[in-house]
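Enquirer: Sharing a model prediction with you, sequence too.
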Amino acid sequence: MAEAMDGASIEKRKEIMEKLKSSLPDDLTKTQRKKQAKIMYKKLQMKEKSKLQKKKPKHTKRLTKTMSSSDASKVRVAIELGYSELMTEKDIRMLIKQCQRCYSENRHSVKPLQLYMTSLSGTVKEAMETLEGYDKWDVHFHEKKYLDVFEQKDIVFLAAESPNILTELSDDKVYVIGGLVDHNRYKGYCYNEAITAGINHAQLPLKEHVTLNSRSVLTINHVFEILLKYEEYQDWQKAMLQVIPQRKIKSSEKHDNQDNEPQPTDDNNCEASGNDGDNDGTTNSDFDSGRSMNVES
Ligand SMILES: C[S@@+](CC[C@H](N)C(=O)[O-])C[C@H]1O[C@@H](n2cnc3c(N)ncnc32)[C@H](O)[C@@H]1O
């Protein structure tokens, strides 16, 4: 693409071209000389460009924190992975990517949550094993189901269908997210499970803080990231506006948030679940960088 040149740049270019022309053998015609000089000039420009690019500062590595650090939160969040029979192979791969995203975001948070992954066995474990080094993640892994890991009275199952609204996070509770990527095939599945098990349940206070253009069933990683940001800011709206893709939020609220931290783009966030075919990105190859992985729920 041609770049606009100011007067000084044109003069400079002329000067360089003249020098280049004069460096060429005398037996060339005027046209050959001009053509040759142009080629040399372009090569020079490319050299300069690559020099400048090399000088650009490399991406600084994001800070990482462990769950045992003194800044870490005591709040427990568990992703229950015991739904493999309800998912296709592709869904399970998506689930693993969303878990990877949760882990990555937790590691880079200023206040990591106590992240649990329960029912890690069978097909889901096999899929998880495709991620090299997952067993070294700073996550509390359990083969047992959440009901056998935590005291029943401490459990709050998060479910979009629950009539209860979550207002705050408590150090004494464990918030369970259903590790189910179902494209809305099993509406209310986890809510019904909570009812049957006789445990507490609650939905995120979405309607209280943002107006969504779409349904309020979010992906696993979005739910986790909202909890993570809430723990950091103690502000639901700020947390939600940072996590939920902008196109999902009514425009007036996007403006309200202009003074806040950087907005999520569709490039680095996962999608609200459902059959709408949406597909957002989270971490993939370098999961520590927290970027560019396609995830859907
Ligand atoms: C993609 S959803 C799974 C939807 C699935 N049909 C179900 O019944 O759970 C993954 C999980 O995220 C959590 N979740 C999604 N949206 C939520 C909301 N608005 N409030 C609370 N939890 C939510 C729930 O724990 C849910 O199981």
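Expert: Okay, I see it.

Enquirer: From residue 188, how far off is the residue of the stretch 51-200 of the chain found nearest the ligand?
Expert: Relative to the ligand, the nearest point of the stretch 51-200 of the chain is residue 178 (2.4 Å; CB to the nearest ligand atom). For glycine as for every other residue, the C-beta is placed from the backbone atoms N, C-alpha and C. According to CB to CB, to the nearest Å, residue 178 stands 11 Å off from residue 188.

Enquirer: got it, and residue 107?
Expert: Residue 107 is 32 Å from residue 188, by CB to CB.

Enquirer: Counting neighbours, go ahead and name the busier of the two.
Expert: Comparing residue 107 with residue 188 by other CB atoms under 10 Å, the one with more neighbours is residue 107, at 21 against 14.

Enquirer: ok, the more buried one - contacts?
Expert: 64, 65, 66, 138, 288 (CB atoms under 8 Å, 6 or more residues apart in numbering).

Enquirer: got the buried residues for the longest helix along the chain?
Expert: Scanning the chain for the longest helix, with DSSP state H as the assignment, gives helix 30-55. Across helix 30-55, burial judged by 16 or more other CB atoms under 10 Å covers 33, 36, 37, 40, 41.

Enquirer: ok, of the contacts of residue 107, which come out buried?
Expert: Applying 16+ other CB under 10 Å to the contacts of residue 107 flags 65, 138 as buried.

Enquirer: Determine which two of the contacts of residue 107 are furthest apart.
Expert: The span of those, defined through CB to CB, is set by 66 and 288 at 12.9 Å.

Enquirer: coming back round to it: how many residues are close by the residue of the stretch 51-200 of the chain closest to the ligand?
Expert: Residues lying near residue 178 (other CB under 10 Å) number 25.

Enquirer: Can you classify the closest residue to it other than its chain neighbours by secondary structure?
Expert: Nearest non-adjacent residue to residue 178, counting by CB to CB, 6 or more residues apart in numbering: residue 190, 3.6 Å away. When classified by DSSP: H, G, I helix; E, B strand; the rest coil, residue 190 comes out as helix.

Enquirer: before we move on, the earlier item: and the buried residues of helix 30-55 as TSV, adding distance to the ligand?
Expert: Formatted as TSV, the buried residues of helix 30-55 follow (distance: CB to the nearest ligand atom, whole Å):
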residue	distance to the ligand
33	68
36	63
37	62
40	59
41	57
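
Enquirer: returning to what we had before: ok, the residue nearest to residue 178 to residue 43 distance?
Expert: Distance from residue 190 to residue 43, by CB to CB: 62 Å.

Enquirer: tell me, how many neighbours does the residue nearest to residue 178 end up with?
Expert: 23.

Enquirer: dump the residue contacts of it.
Expert: Per CB under 8 Å, 6+ apart, neighbours of residue 190: 157, 158, 159, 178, 180.

Enquirer: helix/strand/coil for residue 183?
Expert: coil.

Enquirer: Give me the pLDDT for it.
Expert: Residue 183 carries a pLDDT value of 95.

Enquirer: Ok, residue 175 next?
Expert: Reported pLDDT for residue 175: 98.

Enquirer: would it count as being in a helix?
Expert: No - in this structure, residue 175 is strand, not part of a helix, as judged by three-state DSSP.

Enquirer: For it, grab the count of nearby residues.
Expert: Neighbour tally, residue 175, other CB under 10 Å: 24.
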